[in-house]
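# Curious how this folds, go ahead:
(one chain, ligands or ions: 1)
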Amino acid sequence: MITPSDRLKIAKSILDFEARRDKAGHLQIYKLPAADGGGTYEVGGINERYHPEEARHLADLINAGKFDEAEEHAIEIIGTFTDIAGTWSTSTAVESYLRDCAFNRGPRGSARILQRALNVKDDGVVGKITRAALALKEKDPAALLNQLRVAREQYERDVAGRDEESIFWKGLVNRWNNALKAALAFIPGDGTKKDALAVKLADAQPVPIPASPAKTSKMSLEEKIDYYLESIKLEDLIPINEGLDPAQESTMVSLLGSPKLPLTTTDQPERASKRVRKLRLTKKVCAHVTVTGIKPSVESLQTVLNAVFAVEPDLEEILGTAGMLNVRYRKPTSGKKSTKISNHSWGKAIDFKVIGHSAPGNTKGNVPRFIAVMLPHFNALGWYSGIGFHDTMHFEVSDGTIKTWSKDGLFEIPE
Ligand SMILES: [Zn+2]
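Next comes the predicted model:
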């Protein structure tokens, strides 16, 4: 979370990018060229056209020789105007760059730059899809900053209609790069990765902006179903489940308690462990998927699906489930009998299908596309794919993730 002093530091650096100063370092009133479009004058980038009262007040302070007061006031104006960006990101580095975008291109423009960098539809409205994509991408803030820098240039070309022909272009490019350096400085570390990024920046590829949300958007429902049932070679997806392990029965029993044994291979919800019953939550997580599970898994599942639909918006129309909480013994795909407790018994595993079709079991060397496209998103949030034990429909919260959630107190029952 950003501190008040970081907020002022960011606003100050934006002011420094913008400000014309006299030899003593005092803010100056700057007469704008007509092509700027910001009115007749500005102080520290705060111009007459978009911020008339603030610009007037700053000019009055400067004319009265109250330079320190003008400086402080300008920083507060920039901070307040860009606070919207502080409601999007939880990374100080990313917020720093977004505030700079917001000051230049307004809240809506900066939202569109962010959405382009995240490769989601750039409608300028930061809703749950944008937030979910941001939550995933800002785990690597340096890489996201790189994408933001590329998206910012593209936005200027596509939307503002400026390019190398513009007298402002060189200044803009410098500004974008300086803001990037200022943002990278908020990322702790030895700087190796940051230097590598700065070098890479020159050949950064433009962010692909889907003209329509996805290639599926014009398909009929049947065509979408066929598309998402197509087989993808497992070869093309590996490695999967990197650094993740299926949850051990011992872990589950230790941290969430045991269901009342013996079980059968059909669901006996009343035999769930006490803790599971207390944490139980039923939620509609998307159009055709309503699940019952333990609260932290259902919430995590929602986050994963939001991220999936950000890049595969049409998948929601056809995605169905074959169940989450299911208190029973395992039903091995081999057909053998088992007395091992299914991981569904703790409400932290889910089986998927395409609506109107059966759920895929052991699909051997292939994986249907709807599972393939969800796989990296589940893995990214610590869910293990059942492909690892020949159960293609299945995703479960991994052993390590369960242990972390327990340490974080997510399984505590409110008294
Ligand atoms: Zn399953």
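# my read: A359 touches P368, true?
No: using C-beta atoms under 8 Å, A359 makes no contact with P368, being 10.1 Å away. Placement of C-beta: from N, CA and C, glycine included.
# Which parts of the longest helix anywhere in the chain count as buried, going by neighbours?
Identified as the longest helix of the chain according to DSSP state H is helix 92-118. By 16 or more other C-beta atoms under 10 Å, the buried positions in helix 92-118 come out as 92-107, 109-118.
# Tell me what angle the next helix or strand after that helix forms with helix 92-118.
Next in sequence after helix 92-118, counting helices and strands by DSSP states H and E, comes helix 128-137. Put simply, helix 128-137 runs at 120 degrees to helix 92-118, going by axes from the mean of the first three to the mean of the last three C-alpha atoms, to 10 degrees.
# helices and strands around helix 128-137, which ones?
Applying 3 or more C-beta pairs under 8 Å, 6 or more residues apart in numbering; DSSP states H and E, we find helix 128-137 packed against helix 92-118, helix 141-158, helix 295-311.
# Let's have these in a markdown table, adding distance to G400 and mean pLDDT.
Rendered in a markdown table, the data for the helices and strands packed on helix 128-137 read as follows (distance: least, C-beta to C-beta, whole Å; pLDDT from 0 to 100):
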| stretch | distance to G400 | mean pLDDT |
| --- | --- | --- |
| helix 92-118 | 26 | 94 |
| helix 141-158 | 23 | 89 |
| helix 295-311 | 14 | 88 |
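# Let me know which of those helices is the nearest to the ion.
helix 295-311 (12.8 Å; C-beta to the ion).
# excluding its backbone neighbours, what's nearest the closest residue to the ion within the stretch 151-300 of the chain?
Residue nearest to the ion within the stretch 151-300 of the chain (C-beta to the ion): P246, separated by 10.8 Å. Excluding its sequence neighbours, the residue lying closest to P246 (C-beta to C-beta, 6 or more residues apart in numbering) is Y384, at 5.2 Å.
# how about the one you found, secondary structure?
Secondary structure, DSSP: H, G, I helix; E, B strand; the rest coil: Y384 is strand.
# Show the pLDDT at it.
Y384 carries a pLDDT score of 97 in this model.
# Would you confirm that it contacts N241?
Yes: Y384 lies in contact with N241 (C-beta under 8 Å); the separation is 5.4 Å.
# Spit out the residues that contact those two alike.
S398 (C-beta atoms under 8 Å, 6 or more residues apart in numbering).
# Neighbour count for these two, which is higher?
Applying other C-beta atoms under 10 Å to Y384 and N241 shows that Y384 carries more neighbours, namely 25 against 18.
# what separates the more buried one from T392, distance-wise?
Distance check for Y384 against T392: by C-beta to C-beta, to the nearest Å, it reads 13 Å.
# for R105, same thing?
45 Å.
# What parts of this protein come near the ion?
The interface of the chain toward the ion, taken as C-beta under 5 Å from the ion, is made up of 351, 394.
# Of all the residues in the chain, which one is nearest the ion?
Residue nearest to the ion within the chain (C-beta to the ion): H394, separated by 3.4 Å.
# show me what contacts the nearest residue to that residue once chain neighbours are set aside?
Spatially, and ignoring its direct neighbours in sequence, H394 is nearest to G386 (2.9 Å; C-beta to C-beta, 6+ apart). Counting by C-beta under 8 Å, 6+ apart, G386 touches 392-396.
# What residue spans form the domains of this structure?
4-201, 227-407 (automatic domain parsing).
# Grab the CA positions of stretch 221-239 and hand them over as CSV.
What follows is stretch 221-239, C-alpha atoms only, in CSV (Å, rounded to 0.1, in the frame of the first residue of the first chain):
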residue,chain,number,x,y,z
LEU,A,221,-23.1,-20.7,-29.4
GLU,A,222,-22.5,-24.1,-31.1
GLU,A,223,-19.4,-22.8,-32.8
LYS,A,224,-18.1,-21.5,-29.5
ILE,A,225,-18.7,-24.9,-27.9
ASP,A,226,-16.9,-26.7,-30.8
TYR,A,227,-14.0,-24.2,-30.5
TYR,A,228,-13.5,-24.7,-26.8
LEU,A,229,-13.8,-28.5,-27.1
GLU,A,230,-11.0,-28.7,-29.7
SER,A,231,-8.1,-30.8,-28.6
ILE,A,232,-4.8,-29.1,-27.7
LYS,A,233,-1.6,-31.2,-27.5
LEU,A,234,-0.5,-31.6,-23.9
GLU,A,235,3.1,-31.3,-25.3
ASP,A,236,2.3,-27.6,-26.2
LEU,A,237,1.2,-26.8,-22.6
ILE,A,238,4.0,-28.3,-20.5
PRO,A,239,5.5,-27.6,-18.1
